[in-house]
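Student: Build the 3D model from these lines:
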Amino acid sequence: MASTQSDIPTAVRTPRAAFQARRNRLLSRIERRAVLLAGAPRARNFPANRFPFRAESHFLYLIGDSIPDAVLVLDPQSGAVLYAHKPDPDDAIWHGPSPSLAELSDSLGVSVRPLSELPDLGDADALPTHDGGSAARLLGRPVGDTLGDRQLADVLIELRLRHDEAAVAQLRAAAAVTVAAHRTGMAATPGCRFEYHVRAAMEAEIMGHAMACSYNPIVTVRGEILHNETYDNPIGDTDLILADVGAETREGWAGDVTRVWPAGGRFSSTQRALYDVVLKAERAAIDAVAPGVRYRDVHHIAGRELISGLCELGILRGDPDELFHRGVGAVFFPHGVGHLLGLDVHDMEDLGDRAGYAAGRARATSARDRYLRLDRDLQPGMAVTIEPGFYAIEGLLTPDALGDRADAIDRNVLKRFSDVRGIRIEDDVLVTQTGHEVLTDGAPKTSSEVERAVAGG
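Tutor: Now for the predicted structure:
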């Protein structure tokens, strides 16, 4: 059932004091000038036809508004100054009035000066932007590789890994709207003939709460395609719909949830059996989330539980522990169990494994672990996703791909589950002082809850 706007906090705004506190924490940790850019708008095909603008996430963390071309300069001696374009009177014709720089300064709680007064920043530390290199052009040098740039990245990682109260409020709002979107998608499915009908219903729910999608939605009957980007497949009564859809708040904070439901309203016996195996793996992984726990161990818990379930169904044969160590689980669960969540749906992955992997840790080369995006010890205030899955991917089931793991799979039993292409179950989890909180717990998840939701219950 679709939610009403009164049910959900749609317009949560972070107090400017929280942004001031974040800037002050950053200023206290740097020794040289640092610069963070909002980035530049991108044209679709001609200058006036632009893609929707979203500022760089590190800029949003410290300012909270997407201000095109703005430059935040942080000096440990003199503090923070934001440089922005003066309002263009002609813009008011097309876009309405814009705040003056003085009004912007008052609303943001930071000194704002005209972009034309921007000083030379060639010696400042900076991070790359994703708009075609505006940071490199501004500083007149490659950005991201100097010692100072790397140190700035490390400071921002330290600050952003553990979310403050304002950030948690944003994540809660994104989670609430994300849950509403999944409930709406389930309830809308009986009247939908194509994947894009379900997608439209889910996005309408998100937009109805003044939010946008935090990433390109995945809504598909081809659940074995991990990042499927098409929506034109017809929906059959025996299909499973996999929907990986999240909402993004106006300040840029992300929700990220995956649910799977039967298009015809009822799981088949084989679909239910595999669904329950994945759900058990997800719950075991969530139960393990707590301060001090290594995230890689959470990944391994999910993988072991999945293998045990597949052995019970007869799809895998052998000792579960031995199969786990051989990497057999990666045939059906090839990705990591999740990732950091925050201002980006894969938070801070613009900084690569520097953000996701603790010092001294590096990605493994084994099939079981090579796609794991996060290997840190969990701390209170961190937000992560937990998202194990089962996928029947033909390319991973060929003799060449299986190699010496082929003996572990009973092909005849696997054929009985041919009405399952892919199942992934994903939640957003906040690490607390004593354990964890599932922010997206309101999205139907047990097989019976999901069936009721598709029926409109």
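Student: Surely residue 115 is in contact with residue 72?
Tutor: No. Counting by CB atoms under 8 Å, residue 72 is not a contact partner of residue 115; they are 11.7 Å apart. Just so you know, the C-beta spots here come from the backbone N, C-alpha and C atoms, and that holds for glycine as well.
Student: between those two, what contacts are shared?
Tutor: residue 83 (CB atoms under 8 Å, 6 or more residues apart in numbering).
Student: which non-adjacent residue is nearest residue 355?
Tutor: Of all residues not flanking residue 355 in the chain, residue 348 sits nearest, at 3.7 Å (CB to CB, 6 or more residues apart in numbering).
Student: Count the neighbours of that neighbour for me.
Tutor: 22 (other CB atoms under 10 Å).
Student: same question, residue 159
Tutor: Residues near residue 159, counting by other CB under 10 Å, number 17.
Student: Are we agreed that it is in a helix?
Tutor: Yes. Counting by DSSP: H, G, I helix; E, B strand; the rest coil, residue 159 is located in a helix.
Student: of residue 115 and residue 72, who's got more company?
Tutor: residue 72 (25 against 15).
Student: Could you double-check that that one lies in contact with residue 58?
Tutor: No. Counting by CB under 8 Å, residue 72 sits too far from residue 58 to count as a contact (9.1 Å).
Student: which residues sit in contact with the residue nearest to residue 355?
Tutor: Contacts of residue 348 (CB under 8 Å, 6+ apart): 57, 156, 157, 160, 340, 342, 355, 356.
Student: related to what we said a few turns ago, where do the contact lists of residue 72 and residue 58 overlap?
Tutor: residue 36.
Student: Buried residues of the longest helix along the chain, list them for me.
Tutor: The single longest helix within the chain, with elements called by DSSP state H, is helix 165-188. Buried residues in helix 165-188, counting neighbours by 16 or more other CB atoms under 10 Å, are found at 166-188.
Student: Does the nearest residue to residue 91 once chain neighbours are set aside belong to a helix, a strand or coil?
Tutor: Using CB to CB, 6+ apart and skipping residues adjacent in sequence, the residue nearest residue 91 is residue 98, 6.3 Å away. Here residue 98 is recorded as coil under three-state DSSP.
Student: Around residue 98, how many other residues sit close by?
Tutor: 16.
Student: Equivalent analysis for the one 5 residues further on, please.
Tutor: A count of nearby residues for residue 103, using other CB under 10 Å, gives 12.
Student: quick one: which helix or strand includes it?
Tutor: Assessed by DSSP states H and E, residue 103 sits inside helix 101-108.
Student: which residues touch that helix?
Tutor: Against helix 101-108 from outside (CB under 8 Å, 6+ apart): 16, 19, 63-65, 67, 82, 84, 86-87, 99, 111-114.
Student: quick one: the nearest residue to residue 417 once chain neighbours are set aside and residue 181, what's the gap?
Tutor: Closest residue to residue 417 apart from its sequence neighbours, by CB to CB, 6+ apart: residue 270 at 4.7 Å. Residue 270 sits 28 Å away from residue 181, going by CB to CB, to the nearest Å.
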